[in-house]
Each structure stands twice: as C-alpha cells, then as structure tokens.
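>>> Sequence and computational prediction follow.
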Amino acid sequence: MAMAQPDHNKATSPAVPAMPEVNVITVADLKAVLRQGAADFARAPLYGLFFGGVFALAGVVIVLAITRWSMPWLIYPFAIGFPLIGPFAAVGLYEVSRRLEKGEPLSWSAVLGFVWQQRFRELSWMAFVMLFIFWIWMYQVRLLIALVLGRMSFSTLDRFLEIVFTTPTGWLFLAIGHVIGAVLALILFSITVISVPLLMERELDIVTAMITSFKAVLANPPVMLGWGVVVTLAVILGSLPVFLGLLVVLPVLGHATWHLYKRAVKPIAA
C-alpha cells in the first residue's frame with residue numbers, strides 16, 4: 001500500500017504567539033520597583049527630565065487653552081483624568097529602562113527613534129484606546145455639568161469650585177462624576193498597566209496585550225489597584241505646582257512601571 005505523501009504545496013499557517021503568563025506579585029514588589037525606578041532615573045536623568053518635561057508642557061498648554069476658551073471648570077476634571085494617558089507618555093522611559101537592563105548603549109537617536117517607530121506597531125492603537133477613554137471622561141463631565149449644574153452660573157474656576165464644594169447640587173455632581181470616573185479609570189488601568197510595555201517589547205496584537213494586562217490585575221487585585229492609586233495620587237500631586245513636579249514624578253513612575261511589568265509577566269520561554 002502506498003503511503004500518503006505530505007503535501008508540500010499546502011500553505012502553512014504562521015505560528016500564533018502564545019498568551020503571556022502572569023505572575024503573583026506582592027507589596028514588596030511595588031516597593032522594589034519604585035526603588036528601581038528611582039535608580040534608573042538617577043542613571044539617566046536627562047532622558048527622564050525630557051519625557052517628564054514633554055508631559056508637563058502638554059498639561060500646561062491644555063490648561064492654558066481651557067482657560068483661554070473660557071472653560072475653567074474643565075481644569076479640575078482634566079487634572080483628575082490627565083494621569084489616564086500617562087502610560088503611553090512613558091514609552092520612551094520604558095525603552096530607557098529596557099536598555100539599562102540589557103546593558104545596551106543609550107543615545108537620543110536610538111531612544112527617540114524607537115518611540116517614533118511605534119506608530120507602525122500595535123502600540124499606536126493602544127494610544128487611540130487611551131485617548132478615546134480620556135475623551136469619554138471629559139465628555140461625561142460636560143454632560144454632567146449640563147444636567148446637574150445647568151441652572152447655576154459660573155464663569156471662573158473659583159466660582160465653579162465654590163459651587164461644587166459648598167452646595168448640595170455640587171456634592172451630587174462630585175459624587176456622580178467620581179463614581180463614573182472611577183469606573184472608567186479602573187477599566188483603562190486594567191487594560192493598559194501591563195499592555196503598554198508588553199506591546200513595546202513583544203510582537204503581540206492589542207487584544208492579547210489588553211487581556212494579559214487584565215489577567216495580571218485579576219491575579220493581583222489589591223497590589224495592582226494599590227499601584228494604580230499610587231500612580232494617580234503621585235501624578236496629581238506632581239501636577240499641582242504648574243506640573244513641575246512631573247519632571248521627577250513621571251520618570252520615576254515610568255521606569256518603575258517597566259520593572260513592574262517584568263515582574264508581573266513571565267518571560268518568553270527559551
């Protein structure tokens with residue numbers, strides 16, 4: 001009996017990358033990654049100051065634009081939602097940490113060139129996801145202002161803050177807004193905290209990266225949510241003195257997030 005011969009003309013499907021596996025991490029890991037983040041910043045301060053400065057400058061420009069357009073009441077929700085896009089702004093910092101970790105040389109052309117190349121990769125879609133959720137956050141604030149505070153008059157930031165912090169209607173606005181904001185922030189944090197550095201380092205699709213990030217949060221809910229609180233509070237506090245604090249806060253957090261990713265996701269099997 002003749003044996004069946006393999007069909008060499010049949011097209012073979014490319015191998016599908018396996019779903020990355022996640023680790024269990026502890027509070028001790030968070031302390032360790034913060035120390036590593038500070039150490040990376042100390043080793044390459046100019047890169048940290050540059051990327052932190054770009055993020056801070058963007059914040060200043062947006063606040064000035066909001067004030068110029070006579071919408072000062074949007075400054076408060078903007079300050080709350082601004083940290084949502086922080087992970088993507090830290091891509092250059094992830095690359096600096098990766099090079100320091102691997103012992104590769106640092107140069108402006110290499111780091112900035114790498115950031116520029118991300119427009120051709122899946123990471124560019126992650127930027128779209130972040131900005132889209134940030135836009136939803138800002139839009140729902142305007143909608144709540146119209147629905148809850150629509151009959152109240154405020155043309156300055158001081159008057160807006162007086163209304164929302166000293167009147168029952170303002171308290172209702174804050175309660176609803178913060179609940180919605182917390183839900184949006186939790187969703188965005190869960191799908192991006194690990195996916196951004198993961199997409200930067202590995203050739204994966206955006207859905208796989210977001211699922212992996214979500215799995216990492218589910219595997220370590222108290223620790224990961226604690227990290228989210230640390231990042232949010234640090235960025236908000238760093239934004240208070242005209243965003244100048246972000247010159248240090250963002251680099252340390254960015255470098256630390258890279259090391260958190262390395263601890264939360266198992267390395268590729270050799």
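All right, it came through fine.

>>> Phi, psi for residue 22 please.
Per-residue torsions, residue 22: phi -110, psi 160 (degrees, to the nearest 10).

>>> Likewise for residue 265?
Backbone torsions of residue 265, given as degrees, to the nearest 10, read phi -120, psi 130.

>>> Not counting its neighbours along the chain, what's nearest it?
The shortest distance from residue 265 to any residue other than its chain neighbours is 5.2 Å, reached at residue 20 (C-beta to C-beta, 6 or more residues apart in numbering). Just so you know, the C-beta spots here come from the backbone N, C-alpha and C atoms, and that holds for glycine as well.

>>> how about low-confidence regions in the stretch 1-150 of the chain?
Where the stretch 1-150 of the chain drops to pLDDT under 70, the residues are 1-17, 66-67, 69-89.

>>> So the residue nearest to residue 265 belongs to a helix, correct?
No: the assignment for residue 20 by DSSP: H, G, I helix; E, B strand; the rest coil gives coil, which leaves it out of any helix.

>>> Hmm, residue 264 and it touching each other?
No: the pair formed by residue 20 and residue 264 falls short of the contact definition of C-beta atoms under 8 Å, at 9.7 Å.

>>> So which of these two has more stuff around it?
In terms of neighbours (other C-beta atoms under 10 Å), residue 264 is the more surrounded of residue 20 and residue 264; the figures are 28 against 21.

>>> now that one, nearest residue through space, not along the chain?
residue 216 (4.6 Å).

>>> contacting residues for that neighbour?
Residue 216 makes contact with 22, 193-194, 224, 264-265, according to C-beta atoms under 8 Å, 6 or more residues apart in numbering.

>>> check contacts around residue 56.
Residue 56 makes contact with 243-244, 246-247, 250, according to C-beta under 8 Å, 6+ apart.

>>> Out of those, the closest to residue 123 would be?
Each of the contacts of residue 56 was scored against residue 123 by C-beta to C-beta, and residue 250 proved nearest at 18.0 Å.

>>> How about the closest one: what's its closest non-neighbour residue?
Residue nearest to residue 250 in three dimensions, not counting chain neighbours: residue 52, with 4.1 Å by C-beta to C-beta, 6+ apart.

>>> That neighbour touches residue 245, doesn't it?
No: when contacts are counted by C-beta under 8 Å, residue 52 is not listed as touching residue 245 (9.1 Å).

>>> Which one of those two is surrounded by more residues?
It is residue 52, of residue 52 and residue 245, that has more neighbours when counted by other C-beta under 10 Å, with 28 against 18.

>>> residues making contact with stretch 22-35?
Contacts of stretch 22-35 with the rest of the structure, by C-beta under 8 Å, 6+ apart, involve 194, 212, 215-216, 219-220, 223-224, 226-227, 230, 252, 256-257, 259-260, 263-266.

>>> Of the residues you listed, which belong to helices?
Secondary structure assignment (DSSP state H) places 212, 215-216, 219, 223-224, 226-227, 230, 252, 256-257, 259-260, 263-264 from those within helices.

>>> Skipping adjacent residues, who's closest to residue 90 in space?
Of all residues beyond its chain neighbours, the one nearest residue 90 is residue 254 (3.3 Å), with distances taken as C-beta to C-beta, 6+ apart.

>>> residues near that neighbour, how many?
Residues contacting residue 254 under the criterion other C-beta under 10 Å number 29.
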